[in-house]
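Trainee: Dropping a prediction and its sequence here:
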Amino acid sequence: MNYNVCVRKSIEYINNNLDKKIGLEDIAGRVFMSKFHFHRIFHAVTGKSVAEYIRERRLEEAAKELVNTDSKIVDIALKYQFSSQESFTKAFKRLYGTPPGKFRKNLNNGIAFMAA
């Protein structure tokens, strides 16, 4: 199987399961590779580790929810598999440069996250 196809299939699986626990072994098994080989291939193709990709995608979806819903920040954090609001806020701030509450209040952020 072509490595690009494997990575594309794994990304599709990840994107469809962002609100569930996703293990490297589970993803690698879906494309019939060992987790070690899959991780090397994924990083070579995407330039990111599997964990980094998953974290960034979860934060992107969380940012969309912050802008498009009135859900509590803690509920969004838990939905996207963060262990606490604090860990979510730390990761969110690292990626977006601002905490989630402030991000939600800044209407300019919504331009990139308008509901489809």
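Mentor: Received it, and whenever you're ready, just let me know what you need. Residues are numbered from 1 along each chain as shown.
Trainee: for this protein, which helix is longest?
Mentor: Ranked by residue count under DSSP state H, the longest helix found in the chain is helix 50-68.
Trainee: In terms of secondary structure, what does the very next helix or strand once past that one contact?
Mentor: Downstream of helix 50-68, the first helix or strand assigned by DSSP states H and E is helix 73-79. Helices and strands in packing contact with helix 73-79 are listed as helix 50-68, helix 85-96, helix 100-105; criterion 3 or more Cβ pairs under 8 Å, 6 or more residues apart in numbering; DSSP states H and E. Where you see a C-beta, it was placed from the backbone N, CA and C, and this is true even at glycine.
Trainee: if we can go back for a sec, quick check: angle from the longest helix of the chain to helix 85-96?
Mentor: 90 degrees (axes from the mean of the first three to the mean of the last three Cα atoms, to 10 degrees).
Trainee: what's the domain layout of the protein?
Mentor: 3-47, 59-113 (automatic domain parsing).
Trainee: What separation do you get for the residue nearest to L24 when sequence neighbours are not counted and I76?
Mentor: Excluding the flanking residues, the one nearest L24 by Cβ to Cβ, 6 or more residues apart in numbering is K35, at 4.8 Å. In this view, K35 and I76 are 29 Å apart by Cβ to Cβ, to the nearest Å.
Trainee: Show me which of the two is the more surrounded one.
Mentor: The residue with more neighbours, out of K35 and I76, is I76; 23 against 15, by other Cβ atoms under 10 Å.
Trainee: Hmm, E65 and the more buried one touching each other?
Mentor: Yes: taking Cβ atoms under 8 Å as the definition, I76 is a contact partner of E65 at 5.1 Å.
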